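>>> Here is a sequence together with a model predicted from it:
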Amino acid sequence: MNTLLNLLVAAALAGTPLLLGTLGEILTEKSGNINLGVEGMMFMGAIAGLAAPFVYEQWALKVESAPVGWIGAFLALMASFLAGALGALIYGFLTITLRANQNVTGLTLTIFGTGVGNFFGEYLGSRAGGYVALGDEMKSAFANLSIPGLSQIPVIGKLLFQYNWVVYFAIALALLMNHFFKRTRVGLNLRAVGEDPAAADAAGIHVSRYKYMATVIGGGVCGIGGMYMSMVTTSCVWVHNCVSGYGWLAVALVIFAAWSPARALLAALIFGGLTVLRLYLRIPGMPMQIYEMFPFIATILVLIVTSIRQSRENVQPKSCGFNYFREER
């Protein structure tokens, strides 16, 4: 029982960056754009989310002032969002304005973002004397919370009330996005743009504006997922290739979640559990490399099953992958 509880907690922590990447891509695809650059945007968010509090911490020490943890956390959040949004803006300009191929542009963004993240990570490391690492004050801002009264409840307290603030932020964002798509006028307009941009345009909806907003904000959310990798997963230390395929898993989870933010919560928990399964369920004689393959094997199975069992409600928005040109409608 204790092993299962620890596995669920670890799955929630490991699944948070997957959830954020999935939510960002869902928002993008709802507008009719397929952005395969999630990995690149997460890398950009990872380095920006680490660099911002690092620069702040160095400045505070230079002026002989103690760095404040919550300020560093806020800077990490904003910097990672802006970095991911910048990558998505480049993608949006190429695909929405210039009508470049979405798949090729997304793959290019992955290569670009990965290079940007690793380059600036190594550059900051060389300037810092070997590697980039934040102090205890910054690390404490991303430590697991202790909610008086609730965190001490047996089983439930550990299962629900002892995570870092980014986990709760991701869960709240998923629920908010679910309400946004189903209950708000702007959300319904966005879904209309993704399904049939020509009909939405005829109804007076500004298609390009909706596409840009969804794509850029979705990229920012992916960037926050990258920030989680550098600030929580690697404990505020820059690790080369720290995102390590999570962006591609997030793209697959969009299909597994059937483009639903609420279902993305369960999908991220399952895949988060698969990434840490080797630490809690050891099968004698099984090589560690097999455990590391589990999330990707599950991804292949998900793609096969979802391609066989499709329903009208749980399908990709119809205009995904196709650039809209108003003069052709």
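Structure received. Every value quoted in this text rests on a predicted model; they were computed, and no experiment measured them. Numbers count the residues shown, from 1 in each chain.

>>> Can you report how many residues lie near N118?
As a burial measure, N118 scores 18 neighbours (other Cβ atoms under 10 Å). Any C-beta I mention is one placed from the backbone N, CA and C, and that applies to glycine too.

>>> Would you agree it is in contact with H240?
Yes. The pair N118 / H240 is scored as a contact, 5.9 Å apart, by Cβ atoms under 8 Å.

>>> just for this structure, where's the confidence low?
Where the chain drops to pLDDT under 70, the residues are 1, 309-314, 328-329.

>>> which helices and strands sit right next to the helix ranked longest in it?
The single longest helix within the chain, with elements called by DSSP state H, is helix 2-30. In terms of contacts (3 or more Cβ pairs under 8 Å, 6 or more residues apart in numbering; DSSP states H and E), helix 2-30 is packed against helix 38-62, helix 156-160, helix 165-183, helix 185-195, helix 207-228, helix 246-256, helix 261-276.

>>> Save those helices as a markdown table, and put in mean neighbour count and distance to T110 too.
Converted to a markdown table, the helices and strands packed on helix 2-30 look like this (neighbours: other Cβ atoms under 10 Å; distance: least, Cβ to Cβ, whole Å):
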| stretch | mean neighbour count | distance to T110 |
| --- | --- | --- |
| helix 38-62 | 26 | 4 |
| helix 156-160 | 15 | 35 |
| helix 165-183 | 17 | 22 |
| helix 185-195 | 18 | 22 |
| helix 207-228 | 26 | 11 |
| helix 246-256 | 25 | 7 |
| helix 261-276 | 22 | 19 |
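
>>> Put together JSON lines for these, with distance to G149 on each row.
Below are the helices and strands packed on helix 2-30 laid out as JSON lines (distance: least, Cβ to Cβ, whole Å):
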{"stretch": "helix 38-62", "distance to G149": "30"}
{"stretch": "helix 156-160", "distance to G149": "9"}
{"stretch": "helix 165-183", "distance to G149": "16"}
{"stretch": "helix 185-195", "distance to G149": "36"}
{"stretch": "helix 207-228", "distance to G149": "27"}
{"stretch": "helix 246-256", "distance to G149": "34"}
{"stretch": "helix 261-276", "distance to G149": "25"}
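
>>> out of those helices, nearest to R99?
helix 207-228 (10.9 Å; Cβ to Cβ).
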